[in-house]
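Peer 1: structure of the sequence below:
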Amino acid sequence: MLNRTAAKPLNQSQVSILIEKLVLAIQKYERPIHRPEQGVKQYFNHIEQMLGLFDGNHDYSYSSHLQVFREAVQDVGVQFGPFGLDSYDEETDRPRDTVQTLSALAERIRVLTRRQKYRRVQYDQRLQAKKLQRGNRRYVDGMFTRHARLLVVRVNLYYRAAAQTRLRVEHVFRDFDDLISELRYNAIFDHEIGYVCAIEQGKYPGVRHENGDEQEGWYGRGFHAHVAFFFDGSKVRADVFKAIQIGELWQEITRGRGCYDSSNHNKEAKHGDRLGVGMVHRDDWARRERLYTVLDYLAKDDQHLRVKPAGARCLRKGTLNRVRRR
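Peer 2: You can find the predicted model right below:
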């Protein structure tokens with residue numbers, strides 16, 4: 001049942017998402033699990049890496065799915081013994097072998113996902129996303145009360161595939177903090193009046209169709225950030241050039257480990273009537289609504305961080321009364 005030798009090494013983002021998918025697969029079971037079926041067993045090949053996610057002295061906050069997994073592991077007493085994965089059944093006063101341990105772990109996860117507080121979290125996340133979206137709209141409206149035109153530069157900040165192997169979520173927050181510290185001094189951000197950033201996670205296992213063939217693997221960007229920078233539209237106009245400057249600064253901050261793209265490049269061809277970046281005028285309400293949609297994307301709840309430094313904020317905004325001038 002457990003094929004440890006076949007398990008490919010996964011990075012922190014991949015392991016955390018795999019745990020989430022395991023919990024989601026198990027919570028679909030209505031009846032007690034006596035032996036996990038194929039839809040669940042496939043995830044257990046990475047059980048050693050899943051358990052390793054919670055090792056060490058890092059102070060993390062975990063999503064509800066990861067909390068359920070961690071609690072179930074502790075309740076069952078899962079450990080690696082001399083002969084592989086095992087645990088001890090206190091009810092029968094007998095040790096469990098690997099298959100029995102994984103079965104007990106799956107059943108405990110199923111029970112924990114039935115609790116009201118677990119189900120409540122999913123609802124609360126959707127409410128929080130709506131609240132953040134409303135806050136982003138008020139933030140933009142506040143900038144329009146001070147400026148007739150906003151130049152909106154939307155950049156997506158990623159890490160190269162070779163850098164993701166050892167990438168941890170605290171590295172992303174550190175790099176982004178370094179980027180934000182440049183707002184005060186770097187000439188790139190002259191006349192910058194605000195920003196909205198979302199640090200996210202997305203890299204799902206699945207099947208991709210390419211050239212008629214099915215290819216199984218991990219697709220997505222892992223830990224990454226989406227940022228909308230706002231500049232005084234009466235002072236700054238070259239949005240594509242500004243996006244390139246910010247992207248190159250990101251590459252410098254990450255010492256070449258980072259990469260980027262921008263919604264401003266070829267924006268008319270890519271977005272057409274849905275264009276919500278570039279120059280946006282205060283009285284152009286149709287364009288403002290599309291800008292709101294761009295910001296709504298930053299507050300969505302489907303790419304939330306499954307693991308993050310304790311106390312860290314995934315969605316950040318600048319302050320309205322701060323204006324960078326030269």
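Peer 1: dump stretch 72-86 to PDB, restricted to CA.
Peer 2: Provided in PDB are the C-alpha atoms of stretch 72-86 (Å, rounded to 0.1, in the frame of the first residue of the first chain):
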ATOM      1  CA  ALA A  72      -5.300  13.000  12.900                       C
ATOM      2  CA  VAL A  73      -1.600  12.100  12.800                       C
ATOM      3  CA  GLN A  74      -1.200  13.000  16.500                       C
ATOM      4  CA  ASP A  75      -4.400  11.200  17.500                       C
ATOM      5  CA  VAL A  76      -3.400   8.000  15.700                       C
ATOM      6  CA  GLY A  77       0.200   8.200  16.800                       C
ATOM      7  CA  VAL A  78       1.700   7.800  13.300                       C
ATOM      8  CA  GLN A  79       5.400   7.300  13.300                       C
ATOM      9  CA  PHE A  80       8.200   5.600  11.300                       C
ATOM     10  CA  GLY A  81       9.500   2.600  13.100                       C
ATOM     11  CA  PRO A  82      12.200   0.000  12.200                       C
ATOM     12  CA  PHE A  83       9.800  -1.700   9.800                       C
ATOM     13  CA  GLY A  84       8.200   1.300   8.300                       C
ATOM     14  CA  LEU A  85       5.100   3.300   9.200                       C
ATOM     15  CA  ASP A  86       3.300   2.100  12.300                       C
END
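Peer 1: what sits up against it?
Peer 2: If you take CB atoms under 8 Å, 6 or more residues apart in numbering as the criterion, stretch 72-86 is touched by 2, 4, 47-48, 51, 54, 87-88, 95-98, 101-102, 104-105, 108-109, 112. All C-beta spots, glycine's among them, are computed from the backbone N, C-alpha and C.
Peer 1: looking at those, which are in helices?
Peer 2: Members of the contacts of stretch 72-86 lying in helices (criterion: DSSP state H): 47, 48, 51, 98, 101, 102, 104, 105, 108, 109, 112.
Peer 1: what about the helices in the protein?
Peer 2: Using DSSP H, the helices found in the chain span residues 12-26, 38-41, 47-52, 64-76, 98-112, 116-146, 169-181, 239-253, 267-271, 285-298.
Peer 1: so which of those is nearest residue 311?
Peer 2: Closest to residue 311 of those is helix 169-181 (CB to CB; 10.5 Å).
Peer 1: show the pLDDT at the nearest residue to residue 62 once chain neighbours are set aside.
Peer 2: Leaving aside its chain neighbours, residue 62 sits nearest to residue 307 (5.7 Å; criterion: CB to CB, 6 or more residues apart in numbering). With respect to pLDDT, residue 307 scores 96.
Peer 1: next, count neighbours for residue 307.
Peer 2: Around residue 307 there are 23 other residues, counting by other CB atoms under 10 Å.
Peer 1: what about it, distance to residue 15?
Peer 2: Going from residue 307 to residue 15 by CB to CB, to the nearest Å gives 9 Å.
Peer 1: any common contacting residues for those two?
Peer 2: Jointly contacting residue 307 and residue 15 under the rule CB under 8 Å, 6+ apart are residue 53.
Peer 1: residues in contact with residue 292?
Peer 2: Contact analysis of residue 292 by CB under 8 Å, 6+ apart lists 136, 137, 140, 276.
Peer 1: ok, the residues you listed vs residue 174, which is closest?
Peer 2: For the contacts of residue 292, the closest approach to residue 174 (CB to CB) belongs to residue 136, at 24.3 Å.
Peer 1: that closest one is in contact with residue 196, isn't it?
Peer 2: Yes - using CB atoms under 8 Å, residue 136 makes contact with residue 196 at a distance of 5.7 Å.
Peer 1: okay, and the common contacts of the two?
Peer 2: Contacts common to residue 136 and residue 196, judged by CB under 8 Å, 6+ apart, are 295, 298, 317.
Peer 1: who's the closest spatial neighbour of the first one, skipping the chain neighbours?
Peer 2: Nearest residue to residue 295 in three dimensions, chain neighbours excluded: residue 136, at 4.2 Å (CB to CB, 6+ apart).
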